[in-house]
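Q: Sequence below, structure please.
(one chain, ligands or ions: 1)
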Amino acid sequence: TFSATREKRRHQQVADDHLPPSPPALPVLGHLHLVGLLPHISLRSLARKHGMDLMLLRLGSMPVLIVSSPRAAEEVLRTHDHVFASRPHSLVAEIVLYGLSDVGFAPYGDYWRQARKLVTTHHAPAQRQEGAVVRMVMARIGEAAAAGVAVDMSDLLGSFINALGCRAVMGKSFRSEGRDKLLRELIEDTSPLLGGFNVEEFFPFLARFGVLSKVVRAKSVRLRRRWDELLDRLIEEHESKYAAVASGDSPKDDDDFIHVLLSVRQEYGLNREHMKAILLDVFFAGIGTASSMLDFTMAELMRKPHMMEKLQAEVNSSVPQGLELLSETNLTGMDYLRAVIKESLRLHPVAPLLPHFSMAGCSIDGHTIPAGLQVLINTWAIGRDARCWEDAEEFIPERFIGDGSAAHVNFKGNDFQFLPFGSGRRMCAGVNFGIACIELMLANLVHRFDWELPVG
Ligand code: HEM
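A: The predicted structure follows:
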């Protein structure tokens with residue numbers, strides 16, 4: 001028995017020797033104190049010192065693999081995609097997302113596969129709603145411009161994407177009873193909890209005893225109640241309308257996403273909770289991401305007026321004179337517009353750390369990667385990796401066009417130095433819709449108005 005134990009320890013030692021490198025850790029906290037308020041930035045600094053490709057941290061009691069280079073990201077998202085295609089468990093997501101019945105946080109498996117298929121195949125109605133919403137935003141900017149007052153672009157772009165998302169999901173009733181505002185508030189309150197670095201997630205043994213989890217759990221339960229109130233009402237209204245249309249008592253006038261969910265409910269075996277979780281996903285994934293992305297793009301362009309002018313020249317020369325509102329069909333051949341959006345996604349990815357989870361053990365570059373490991377892919381660091389990008393920290397859209405150094409690089413998940421939508425099985429399910437919204441809005445904003453930062 002003694003020699004068997006010694007042999008086991010020796011094997012363990014050999015396996016540990018092959019783990020990815022780690023910085024020195026503190027007792028209990030591990031490396032948690034090194035993470036800071038902007039984890040993607042501090043993790044890049046740590047990776048530079050301790051493991052440019054892979055680095056193993058212990059955050060509280062949780063081992064977490066940090067992936068910081070395009071090469072290592074390709075190993076995780078392509079070579080071993082089948083191993084890493086799950087998500088780490090999250091206490092908050094479990095409560096807010098109805099036991100992980102959504103797509104984004106669902107563990108890998110049949111439910112996730114079906115829910116993802118549903119979102120990717122049936123989300124299209126949204127694309128037909130854009131015109132009305134763009135018109136609304138342009139009118140609001142027009143009023144501010146006429147009065148000569150500054151506009152809060154973050155607020156305006158947020159409300160644009162919010163309105164678009166609401167219309168796509170809820171249909172024509174999206175503004176009644178201030179639901180669009182309520183939804184925006186709910187998203188703003190939920191995002192920090194769902195997207196945040198909650199300490200409790202790294203101390204599951206404490207959470208089990210209820211030491212740390214009480215506050216987060218209480219907050220999550222309160223949020224979930226508020227979501228329930230809104231989503232139940234929306235679904236019930238749609239159900240009665242859906243029944244009236246099915247019995248021929250009412251004409252079919254709406255093909256929003258809730259209607260789509262109702263129509264495929266049986267086919268996909270969806271219950272009410274599944275529907276609510278999938279709706280939440282579409283709100284979160286679609287609304288927060290696109291508006292933050294537009295925000296960064298406008299900020300970059302206003303800081304570089306010559307690029308703003310170049311973009312305006314491209315847009316103005318491509319559309320018929322006198323056209324007030326551009327639609328998707330006017331956007332063909334706008335290479336600079338696309339390059340500006342790519343460059344903005346490179347420097348400011350909306351999901352700077354992609355969360356994955358290893359379902360089995362594997363080996364990467366001779367390192368042992370155990371099963372059950374949380375993985376964070378630092379797409380922010382990868383998009384600024386000086387080994388793949390010239391003047392990596394500079395905003396230079398030209399790199400993506402003509403004979404620019406990244407002219408061939410795309411965000412479809414095949415170029416691992418550029419992962420704004422991820423790659424592999426868990427890649428974003430709304431790339432085309434997201435990009436279409438951003439292109440349309442940006443083109444309209446620069447076509448219709450001249451922009452500058454207010455003094456100071
Ligand atoms: C500019 C806009 C958007 C950006 C930058 C973006 C980015 C991302 C990223 C980085 C991921 C994680 C990928 C990974 O873990 O490897 C993701 C996942 C996801 N996105 Fe998007 N997204 C955008 C818009 C949308 C829209 C409009 C939808 C609406 C349907 C959407 C639906 C999803 C879903 C459902 C997932 C989870 C996929 C899964 O876990 O299987 N996204 N997105």
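Q: any idea where the strands of this structure begin and end?
A: Remark: strands assigned in the chain by DSSP state E are 54-59, 62-67, 353-357, 362-364, 367-369, 374-378.
Q: Give me the neighbour count for the closest residue to residue 454 other than its chain neighbours.
A: Closest residue in space to residue 454, ignoring its immediate chain neighbours: residue 150 at 4.4 Å, by C-beta to C-beta, 6 or more residues apart in numbering. Glycine gets a C-beta too; all of them are placed from N, C-alpha and C. Residue 150 has 10 neighbours, counted by other C-beta atoms under 10 Å.
Q: can you check residue 244 too?
A: Neighbours around residue 244, by other C-beta under 10 Å: 13.
Q: Tell me, what's the model's pLDDT at it?
A: Residue 244 is assigned a pLDDT of 76 by the prediction.
Q: What parts of this protein come near the ligand?
A: 103-104, 116, 119, 123, 281-282, 285-286, 289-290, 293, 350-351, 354, 420-422, 426-430, 433-434, 438 (C-beta under 6 Å from any ligand atom).
Q: Repeat the analysis, applying 5 Å as the threshold.
A: 103-104, 116, 123, 282, 285-286, 289-290, 293, 350-351, 354, 421-422, 426, 428-430, 433-434 (C-beta under 5 Å from any ligand atom).
Q: thinking again about what came up before, now the strands of the chain in JSON lines, with mean neighbour count and mean pLDDT?
A: Below are the strands of the chain laid out as JSON lines (neighbours: other C-beta atoms under 10 Å; pLDDT from 0 to 100):
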{"stretch": "strand 54-59", "mean neighbour count": "23", "mean pLDDT": "94"}
{"stretch": "strand 62-67", "mean neighbour count": "23", "mean pLDDT": "94"}
{"stretch": "strand 353-357", "mean neighbour count": "22", "mean pLDDT": "94"}
{"stretch": "strand 362-364", "mean neighbour count": "16", "mean pLDDT": "96"}
{"stretch": "strand 367-369", "mean neighbour count": "19", "mean pLDDT": "96"}
{"stretch": "strand 374-378", "mean neighbour count": "24", "mean pLDDT": "96"}
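Q: how about those in TSV, adding distance to residue 318?
A: Below are those laid out as TSV (distance: least, C-beta to C-beta, whole Å):
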stretch	distance to residue 318
strand 54-59	45
strand 62-67	40
strand 353-357	35
strand 362-364	46
strand 367-369	48
strand 374-378	36
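Q: Which among the ones you listed is found nearest to residue 265?
A: strand 353-357 (29.3 Å; C-beta to C-beta).
Q: hey, which helix or strand in the protein has the poorest pLDDT?
A: Across the helices and strands of the chain, mean pLDDT, DSSP states H and E gives its lowest value to helix 204-208, namely a mean of 57.
Q: list the contacts for residue 315?
A: 326, 334, 337, 443, 446-447 (C-beta atoms under 8 Å, 6 or more residues apart in numbering).
Q: What distance do you get for it to the ligand?
A: The gap separating residue 315 from the ligand is 19 Å, by C-beta to the nearest ligand atom, to the nearest Å.
Q: Can you tell me, leaving aside adjacent residues, what's nearest to that residue?
A: According to C-beta to C-beta, 6+ apart, the nearest residue to residue 315 is residue 447 (4.8 Å).
Q: Is it correct that the one you found is in contact with residue 317?
A: No - if you go by C-beta atoms under 8 Å, residue 447 and residue 317 don't touch, sitting 10.7 Å apart.
Q: Just want to know which of those two has more residues nearby.
A: Set residue 447 next to residue 317 and count neighbours by other C-beta under 10 Å: residue 447 wins out with 20 against 8.
Q: Next, the contact list for that one, please.
A: 312, 315-316, 319, 326.
Q: Quick one: these as a markdown table, columns for pLDDT too.
A: Below are the contacts of residue 447 laid out as a markdown table (pLDDT from 0 to 100):
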| residue | pLDDT |
| --- | --- |
| 312 | 97 |
| 315 | 96 |
| 316 | 94 |
| 319 | 90 |
| 326 | 92 |
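Q: what two of these are the furthest from one another?
A: The widest separation within these (C-beta to C-beta) is 12.4 Å, between 312 and 326.
Q: mean confidence for stretch 86-94?
A: On average, stretch 86-94 scores 88.
Q: how far does that stretch stretch from start to finish?
A: One end of stretch 86-94 sits 15 Å from the other (C-alpha to C-alpha, to the nearest Å).
Q: Burial check on residue 185, number of neighbours?
A: 12.
Q: now stretch 449-456, how far from the centre of its chain.
A: 29 Å (C-alpha atoms, centre = their mean, to the nearest Å).
Q: Return that stretch as PDB; C-alpha atoms alone will do.
A: This file holds the C-alpha atoms of stretch 449-456, laid out as PDB (Å, rounded to 0.1, in the frame of the first residue of the first chain):
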ATOM      1  CA  PHE A 449     -24.800  64.600 -39.600                       C
ATOM      2  CA  ASP A 450     -21.300  66.000 -39.000                       C
ATOM      3  CA  TRP A 451     -19.900  65.000 -35.600                       C
ATOM      4  CA  GLU A 452     -17.500  66.600 -33.200                       C
ATOM      5  CA  LEU A 453     -16.700  66.200 -29.500                       C
ATOM      6  CA  PRO A 454     -18.200  69.000 -27.300                       C
ATOM      7  CA  VAL A 455     -15.600  71.400 -25.900                       C
ATOM      8  CA  GLY A 456     -13.800  69.800 -22.900                       C
END
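Q: mean confidence score for that stretch?
A: Throughout stretch 449-456, pLDDT has a mean value of 86.
Q: Give me the buried stretch members for it, please.
A: Residues of stretch 449-456 include none that count as buried (16 or more other C-beta atoms under 10 Å).
Q: before we move on, what about stretch 44-54?
A: Across stretch 44-54, burial judged by 16+ other C-beta under 10 Å covers 44, 46-47, 50-54.
Q: circling back: so which of the contacts of residue 315 are in helices?
A: Among the contacts of residue 315, the members found in helices (DSSP state H) are 337, 443, 446-447.
Q: any idea how far the nearest residue to residue 428 once chain neighbours are set aside is from residue 63?
A: The spatially closest residue to residue 428, leaving aside those adjacent along the chain, is residue 421, at 3.8 Å (C-beta to C-beta, 6+ apart). The gap separating residue 421 from residue 63 is 27 Å, by C-beta to C-beta, to the nearest Å.
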